[in-house]
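Asker: Show me the folded form of this:
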Amino acid sequence: MAAPAETLEGEETAEEAQAEHDAREAFKKEAGCVADHMLTCEGEEYKPVCASTRSMDRETEEHTWMRKTFSNECSARSHGFSGKCKRYLTEGSCEEGAAYPDLDAEPSDEEAAAAAAEENPDDFKPAETDADPDGYDADAAAEGEAAAEQATAYEPPPTDPEAERLRGEYDAKRSEIDKLNDKERELKDTLDQDFGPSKVYEPLQHECFSITHGEWIYEICPYKDAKQKGKHGGGSTDLGRWDKWTNDYTTMEFKNGQACWNGPIRSMIVTVKCGGVNKVTKVDEPETCTYVAEFETPAACTEEDKNLALAEVESCAAPDADA
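Answerer: All right, here's what the predicted structure looks like:
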């Protein structure tokens, strides 16, 4: 049989450690100490309690009371803060003047040490205790709080399939109406435009024509605007917005373009001539920020132009006939 191990002087024996443990357990039992997880507190009635604890100033070794209000006993126990021990709880909110717990006398140093072992009064974080063999899991507690918040968070009412269908149909019809309104405005603008005699210039309304001159490209859009942009890219300059026809429908005027630096507001005058196809044949800037251009189109051809063209064709064909 093995000899019992020798115990050094001042070293705690196993029997003494067990006795200390039993005394601590007896104190907790007498004080009504239990542990709850915050998830078990869902649905608990709101009945505020004031949880008190004593902390010791390490420099002065003096004990001072601290207390905190919880919505109910279960919440106090789940957060630690001596709420695990009922003898440290009083009914009512701490802010309402609730008294410190009546212990007949101030807690002994042993009781204060037991309370300090259960929680940290600085941040109210619970510590592991023998009453909770698995220890207090702060991560699980945080997850429990998040789950509780989600459970009480606002949830939108369930959607009605029929209402959703009707709403979709309404949105589709609203879109169709908007497109029709846009088309109506476009048609009104077309009706208000001056397209010349017998509306001969109406085909030019949605067309643009360009010409390159030096390092610049000039673009003319009848009934809209005239622009200038670099041949190698970059932004465009507004030479003017469509204004009106003049000189018996032989001149297009574009006005109120971008302002020149220390110069006038840009503008363009386009002389319209009879031609076989729609094209810009010439562009120039005779004065600073004042532009001129020539544009040919079959729409500008008159009966006289047609007769002259026929006569020229006939004169060219006559020698062939004689031959």
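Asker: where do the helices sit along the protein?
Answerer: 14-31, 73-78, 109-118, 138-152, 161-192, 303-322 (DSSP state H).
Asker: mean pLDDT for these: which is lowest?
Answerer: Among those, helix 109-118 carries the lowest mean pLDDT, a mean of 52.
Asker: Go ahead and produce CSV holding the CA coordinates of the top strand by length along the chain.
Answerer: The longest strand of the chain (DSSP state E) is strand 236-246. Output in CSV follows, covering the C-alpha atoms of strand 236-246 (Å, rounded to 0.1, in the frame of the first residue of the first chain):
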residue,chain,number,x,y,z
SER,A,236,-19.0,68.7,-78.5
THR,A,237,-19.7,72.4,-78.7
ASP,A,238,-23.2,73.7,-79.2
LEU,A,239,-23.2,76.0,-82.2
GLY,A,240,-26.9,76.8,-81.8
ARG,A,241,-30.4,75.5,-81.3
TRP,A,242,-32.9,75.4,-84.1
ASP,A,243,-34.7,78.7,-84.5
LYS,A,244,-36.6,79.2,-87.8
TRP,A,245,-36.6,79.3,-91.6
THR,A,246,-35.9,82.6,-93.3
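Asker: Partner strands of it and their direction?
Answerer: Here strand 236-246 has these sheet partners by DSSP bridges: strand 225-230 (antiparallel), strand 251-255 (antiparallel).
Asker: among the ones you listed, which is nearest S198?
Answerer: strand 251-255 (17.8 Å; Cβ to Cβ). C-beta: built from backbone N, CA, C; applies to glycine.
Asker: in the longest strand of the chain, what's buried?
Answerer: Across strand 236-246, burial judged by 16 or more other Cβ atoms under 10 Å covers T237, D238, L239, G240, W242, W245.
Asker: Does the third one touch S267 like I think?
Answerer: I take that to be L239. Yes - between L239 and S267 there is a contact under Cβ atoms under 8 Å: 7.2 Å.
Asker: which sections of the stretch 201-323 of the chain are below the confidence cut-off?
Answerer: 318-323 (pLDDT under 70).
Asker: How is this structure partitioned into domains?
Answerer: 24-147, 198-305 (automatic domain parsing).
Asker: Please list all residues in contact with P286.
Answerer: P286 sits next to V292 when contact means Cβ atoms under 8 Å, 6 or more residues apart in numbering.
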